[in-house]
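make a model of this:
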Amino acid sequence: MTTATVTLAAIAAALLFAAGRRGDGSVGRGAALGWGTFRRTAPLMLTAFVIVGYVTVLSPQDLVQRWIGPDSGWTGLLLAEGVGMLLPGGPYVVFPLIAVLYANGAGIGAAVAMTASWATLALISVTFELPLMGWRFTAVRWGLSLAFPLLAGAAAQWLFGGLP
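This next block holds a predicted model:
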């Protein structure tokens, strides 16, 4: 078991204990809500893990190293930022995909740039952001966020993998 699993299990146990102390049926309602969430997300998670498995098997290591490897420089960081913008889904999809690319030779700078880009510039979020926040807000946020993944990736590459 990982530290994250143990930590989440401890939090779940504490919440179960707190719900049980209330004595108002919170244990059953919480379990039912948790089961419902699991049923809705299990197909997505299973699909994501299948994709990660095939990406692991099929991604050519030499191609990954050439395009976004430690020696790919600013071009690799820009490409990683672009890929990060296009990554679909939540962290249960994105982090395993980036981990596979990193294990197959992506530089630490590219992996950081890709992660930061997904977190700040994911195109899927624009479909929610535009109707709720409007064009002006979206343009300002995007404009200010564009440099961050590149700077974060360059800093990571410089500090932990050599100057890009």
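
give me the contact list for stretch 63-75.
With CB atoms under 8 Å, 6 or more residues apart in numbering as the test, stretch 63-75 has contacts from 76, 79-80, 83, 101, 104-110, 114, 150, 154, 157, 161-162, 164. In this view, the C-beta of every residue, glycine as well, is placed from N, C-alpha and C.

again, only using 6 Å
76, 79-80, 101, 104-107, 110, 161, 164 (CB atoms under 6 Å, 6 or more residues apart in numbering).

next one: stretch 139-150
Applying CB under 6 Å, 6+ apart, the external contacts of stretch 139-150 come out as 77, 81, 113, 116-117, 120-121.

which parts of that stretch are buried?
Of the residues in stretch 139-150, 141, 148-150 count as buried by neighbour count, 16 or more other CB atoms under 10 Å.

TSV for those, including secondary structure, distance to Val64 and pLDDT?
Output for those, formatted as TSV (DSSP: H, G, I helix; E, B strand; the rest coil; distance: CB to CB, whole Å; pLDDT from 0 to 100):
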residue	secondary structure	distance to Val64	pLDDT
Arg141	helix	30	93
Phe148	helix	23	96
Pro149	helix	18	97
Leu150	helix	19	96
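
and which of those residues is nearest Val126?
Using CB to CB, Arg141 comes nearest to Val126 of these, at 9.8 Å.

against Leu121, how distant is that closest one?
9 Å (CB to CB, to the nearest Å).

need the contact list for Ser125.
No contacts exist for Ser125 under CB under 6 Å, 6+ apart.

model confidence for it, exactly?
The model reports Ser125 with a pLDDT of 87.

and it, which of the three is it?
For Ser125, the assignment made with DSSP: H, G, I helix; E, B strand; the rest coil gives helix.

still on that earlier bit, what is the nearest of the buried residues of stretch 139-150 to Ala18?
Arg141 (37.3 Å).

coming back round to it: mind picking the two most distant members of the contacts of stretch 139-150?
Using CB to CB, the contacts of stretch 139-150 reach their maximum pairwise distance at Leu77 and Thr120, which is 14.4 Å.

those two: which is more packed in?
The neighbour comparison of Leu77 against Thr120 (other CB atoms under 10 Å) goes to Leu77, with 27 against 19.

wait, that one sits on Leu151?
No - the pair Leu77 / Leu151 is not scored as a contact, 9.3 Å apart, by CB atoms under 6 Å.
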